[in-house]
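Participant: fold the following and give me the result.
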Amino acid sequence: MSKPRKITVIGGTGYAGSAIAREAVKRGHVVTSISRSLPSEPIPNVNYVTASIEDAGTTIADADVIVGAFSPRGSNKGKLANVYAALASKAAASGARLVLVGGFSCLRREAGAPRMLEGESFPPDVPAEVVAEALENLDVLNNLLADTTGVDWLFVSPAMEFSAWQPGEDLGHYRIGDEVALFDENGRSAISGIDYARAVLDEIEHPTRHRAQVGVAY
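Facilitator: Predicted coordinates for the structure are as follows:
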């Protein structure tokens, strides 16, 4: 069994954040969730703290791992890059690892190709708020790639089908790749919340990549 770690999940009540918090507690880690409000169904043994996204960094002083899983929606819109840049500085100073939930559109179709957001246009039926979120995620990734603090970061992009509206099934397995998107033999890119969380916790417990983007899919 891996050594228990103190893991702080910022955005720990959202789809990805709650899945990661649940899996972390299941594995015996000490988990704190930071969010604007408390969940209606709290996960047993998770310590819930309410704070604005701007103040979230004040709650991570003793964390071994900081997981960023908040979405730039509502009052958080336009704040993702600045908040995560501040977290990167704090993590570098404290020696914590920074693991961020990324976006599918930040991946590449093939090695050497532009990232999807850089080389493709979104279909006209994609809501404007989804496009805005994807662009904010790309800003975060570009900041990490240019980072000079030395923070040990990991940007974990889920498959294309990954959301509360496409929860998927608990299949108990996953594939992890680099910055090139993963698709199955039918051309589908999907991952459930629980299997994505397993990939994140496996990487936290037994790191294989540092200061890198990875993709997770079946």
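
Participant: return the helix or strand in the chain with minimum mean pLDDT.
Facilitator: helix 116-119 (a mean of 80; mean pLDDT, DSSP states H and E).

Participant: hey, where'd the helices end up in the protein?
Facilitator: Under the criterion DSSP state H, the chain contains helices at 15-26, 80-94, 116-119, 128-145, 193-205.

Participant: tell me the most buried of those?
Facilitator: helix 15-26 (a mean of 24; mean count of other C-beta atoms under 10 Å). The C-beta positions use only the backbone N, C-alpha and C, and glycine is treated the same way.

Participant: and it, what does it pack against?
Facilitator: Counting contacts by 3 or more C-beta pairs under 8 Å, 6 or more residues apart in numbering; DSSP states H and E, helix 15-26 packs against strand 6-10, strand 30-35, strand 46-50, strand 97-101, helix 193-205.

Participant: including distance to residue 56 and mean pLDDT, could those go into a markdown table?
Facilitator: Converted to a markdown table, the helices and strands packed on helix 15-26 look like this (distance: least, C-beta to C-beta, whole Å; pLDDT from 0 to 100):
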| stretch | distance to residue 56 | mean pLDDT |
| --- | --- | --- |
| strand 6-10 | 5 | 97 |
| strand 30-35 | 5 | 96 |
| strand 46-50 | 9 | 96 |
| strand 97-101 | 13 | 98 |
| helix 193-205 | 18 | 98 |
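
Participant: dump those to TSV, plus distance to residue 130.
Facilitator: Below are the helices and strands packed on helix 15-26 laid out as TSV (distance: least, C-beta to C-beta, whole Å):
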stretch	distance to residue 130
strand 6-10	21
strand 30-35	21
strand 46-50	27
strand 97-101	15
helix 193-205	18
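
Participant: any idea how far residue 79 lies from residue 99?
Facilitator: 19 Å (C-beta to C-beta, to the nearest Å).

Participant: how about the contacts made by the residue nearest the centre of the chain?
Facilitator: Centroid-nearest residue in the chain: residue 101, 1.1 Å away (criterion: C-alpha atoms, centre = their mean). By C-beta atoms under 8 Å, 6 or more residues apart in numbering, residue 101 lies in contact with 11, 16, 17, 20, 67, 68, 69, 156, 158, 200.

Participant: now, which of the residues you listed sits nearest residue 188?
Facilitator: Each of the contacts of residue 101 was checked against residue 188 using C-beta to C-beta; the closest is residue 158, at 13.4 Å.

Participant: who's in contact with that closest one?
Facilitator: 16, 101, 102, 103, 104, 191, 196, 215, 216, 217.

Participant: just residue 45 next, same as before
Facilitator: With C-beta under 8 Å, 6+ apart, residue 45 has these contacts: 25, 31.

Participant: hmm, try it at 7 Å
Facilitator: By C-beta atoms under 7 Å, 6 or more residues apart in numbering, the contact set of residue 45 is residue 25.

Participant: which one's more surrounded, residue 79 and residue 99?
Facilitator: Per other C-beta atoms under 10 Å, whichever of residue 79 and residue 99 has more neighbours is residue 99, with 25 against 15.
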